[in-house]
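Colleague: sequence and predicted model, in that order:
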Amino acid sequence: MTEVKIAKIISNGCGIGWAEGKTFFVPYTCPDETVRIKSVVKEKSFFYAEDFELLEASPERRKPLCKYYGVCGGCSLQHISYPAQLRIKKLIFSELLKQNKITLDIDPIVITPGETGLRTRAKLFSFKGKPAYRKKRSSDFVQIENCPLLDPVFFEKILADIPKRRGDTQFEYSKFTGDFMPGTETLRKSVNGKIIKIRRNSFFQSSEEGAGIMCSLVMREAEETGARNAVDLFCGSGLFSLFLADKGIKTTGFEIEDAACISYAENLRDKAKIIKMNAYDLKHLEKTDLVVADPPRAGLGAKLSEIISDSTDHVVYIACEPPNLVRDLKTFFAKRFHVKHLYIIDLFPDTPHFETVCVLSRANTPVGG
């Protein structure tokens, strides 16, 4: 058996440590803890600890909030105090920058809407008429009677509805309007006092509070730069466009999904323009004061980042996959952009995942144009 000192938590949620010339990934650990490895699975470049004994515990260790923790595959940081989780996520992002040889003049700001009872969007499996998640490192299921991360009223609605479902089902709820999906084809969300309609299978953030934080950051940049017009790439149902247009900013959204385009037209009406196309297929963009981009996990990529850079001096880049944001920063830097503001938004507590909002401006560009 091998003793390992945990150096840090990495992006997959495991602790990492080294001993006997080997790299060990140890789940459910905290930085600076010492463990005795009992059994491992050998992977390509590391050993995954399947069984271990905790020899020295961190003061940041806590009792998990959920009785399914360690069996359910959804959470991996719930044994760590929530303030420490936020610090860990900031360190994960800082390490990502370091690995890519990127040094920033600013420190990322971590923002959270809270830890529990917030999520109003979840995919669950109907297993023998009961809600279930996948087990950790398995395709099997674990039935659940509650989930502390979900809004409690939302979960009660899931319990009542799921006997009607088969297989995986995407559930959606608005705590402000009471709308629940499935059950309706269109659901109304309330974000910072504005109502937005989304259709079945359309994308929305995990909570209305989290979406509100992002909208506030987008509008802060629009106001700071005095934007008169804006482009909203991967605009979905028009969340950011709704706020931009209501401030009198001439806004054009780009979206490829049919349901989202229909919702955008319903939400914005004649306040903004929607162009139905995949933003990845763009060849160029007309000059604009501001580009807001919220791409899927693949990020913008070099080609689209360059097209955006040639069209504007101000960008708000929202990323759910931080490594791809960091990759794309190099293209913006080559076009004389710098990071003006950087935020880590913790929309996924108790997991290693987080959103980033990166505000970029071209060097020597004055505020207001």
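Modeller: Here it is on my side, so go on. What you see is a predicted model, and the numbers here were worked out from it, not measured in a lab.
Colleague: residue 116 against residue 148, yeah?
Modeller: Yes. Assessed by Cβ atoms under 8 Å, residue 116 is found in contact with residue 148 at 4.8 Å. C-beta: built from backbone N, CA, C; applies to glycine.
Colleague: so for those two, which residues contact both of them?
Modeller: Common neighbours of residue 116 and residue 148, using Cβ atoms under 8 Å, 6 or more residues apart in numbering, are residue 65.
Colleague: more crowded one of these two?
Modeller: residue 148 (20 against 16; other Cβ atoms under 10 Å).
Colleague: contacts only, for that one.
Modeller: When contacts are counted by Cβ under 8 Å, 6+ apart, residue 148 is found next to 65-66, 116-117.
Colleague: how many other residues sit next to residue 199?
Modeller: Residues near residue 199, counting by other Cβ under 10 Å: 19.
Colleague: quick one, phi psi at it?
Modeller: Backbone torsions for residue 199, taken as degrees, to the nearest 10, come to phi -100, psi 160.
Colleague: residues contacting it?
Modeller: By Cβ under 8 Å, 6+ apart, the residues touching residue 199 are 185-187, 237, 259-260, 262-263.
Colleague: can I get those residues in a markdown table with neighbour count, secondary structure and pLDDT?
Modeller: Output for those, formatted as a markdown table (neighbours: other Cβ atoms under 10 Å; DSSP: H, G, I helix; E, B strand; the rest coil; pLDDT from 0 to 100):
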| residue | neighbour count | secondary structure | pLDDT |
| --- | --- | --- | --- |
| 185 | 10 | coil | 87 |
| 186 | 16 | strand | 92 |
| 187 | 24 | strand | 94 |
| 237 | 28 | coil | 96 |
| 259 | 18 | helix | 93 |
| 260 | 24 | helix | 95 |
| 262 | 18 | helix | 94 |
| 263 | 24 | helix | 95 |
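Colleague: need those residues in JSON lines (columns: distance to residue 331).
Modeller: What follows is the contacts of residue 199, written out as JSON lines (distance: Cβ to Cβ, whole Å):
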{"residue": "185", "distance to residue 331": "39"}
{"residue": "186", "distance to residue 331": "38"}
{"residue": "187", "distance to residue 331": "36"}
{"residue": "237", "distance to residue 331": "28"}
{"residue": "259", "distance to residue 331": "31"}
{"residue": "260", "distance to residue 331": "26"}
{"residue": "262", "distance to residue 331": "33"}
{"residue": "263", "distance to residue 331": "31"}
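Colleague: in space, what's closest to residue 342 - neighbours in sequence excluded?
Modeller: Of all residues beyond its chain neighbours, the one nearest residue 342 is residue 108 (4.6 Å), with distances taken as Cβ to Cβ, 6 or more residues apart in numbering.
Colleague: and that neighbour, what does it touch?
Modeller: By Cβ under 8 Å, 6+ apart, the contact set of residue 108 is 90, 93-94, 342-344, 356.
Colleague: burial count for residue 53?
Modeller: Per other Cβ under 10 Å, the neighbour tally for residue 53 reads 11.
Colleague: what of residue 203?
Modeller: By other Cβ under 10 Å, 16 other residues sit near residue 203.
Colleague: ok, and the closest non-adjacent residue to residue 40?
Modeller: residue 47 (4.1 Å).
Colleague: I figured the one you found hits residue 21, correct?
Modeller: No. Taking Cβ under 8 Å as the definition, residue 47 is not a contact partner of residue 21, at 11.1 Å.
Colleague: of the two, who's got more company?
Modeller: residue 47 (20 against 5).
Colleague: who's in contact with stretch 250-257?
Modeller: Residues from elsewhere that reach stretch 250-257, judged by Cβ under 8 Å, 6+ apart: 202-203, 228-236, 238, 241, 244-245, 261, 264, 268, 271-279, 282, 288.
Colleague: could I have the buried ones of those as PyMOL selection syntax?
Modeller: One line in PyMOL is enough to select the buried ones among these; burial here means 16 or more other Cβ atoms under 10 Å:
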select buried, resi 202+203+230+231+232+233+234+235+236+238+241+244+245+261+264+268+271+272+273+274+279+282+288
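Colleague: so which of the contacts of stretch 250-257 belong to helices?
Modeller: Among the contacts of stretch 250-257, the members falling in helices (DSSP state H) are 241, 244-245, 261, 264, 268.
Colleague: which two among the residues you listed are spaced furthest apart?
Modeller: Pairwise distances across the ones in helices among the contacts of stretch 250-257 peak at 17.4 Å for 244 and 261 (criterion: Cβ to Cβ).
Colleague: now do the strands in the stretch 251-369 of the chain.
Modeller: 273-276, 290-293, 314-319, 337-345, 355-362 (DSSP state E, counting those that start in this stretch).
Colleague: among the ones you listed, which is nearest residue 136?
Modeller: Among the strands of the stretch 251-369 of the chain, the nearest to residue 136 by Cβ to Cβ is strand 355-362 (23.5 Å).
Colleague: quick check: buried residues in the closest one?
Modeller: Under 16+ other Cβ under 10 Å, the buried positions of strand 355-362 are 355-362.
Colleague: over to stretch 94-110?
Modeller: For stretch 94-110, using 16+ other Cβ under 10 Å, the buried residues are 96-97, 108, 110.
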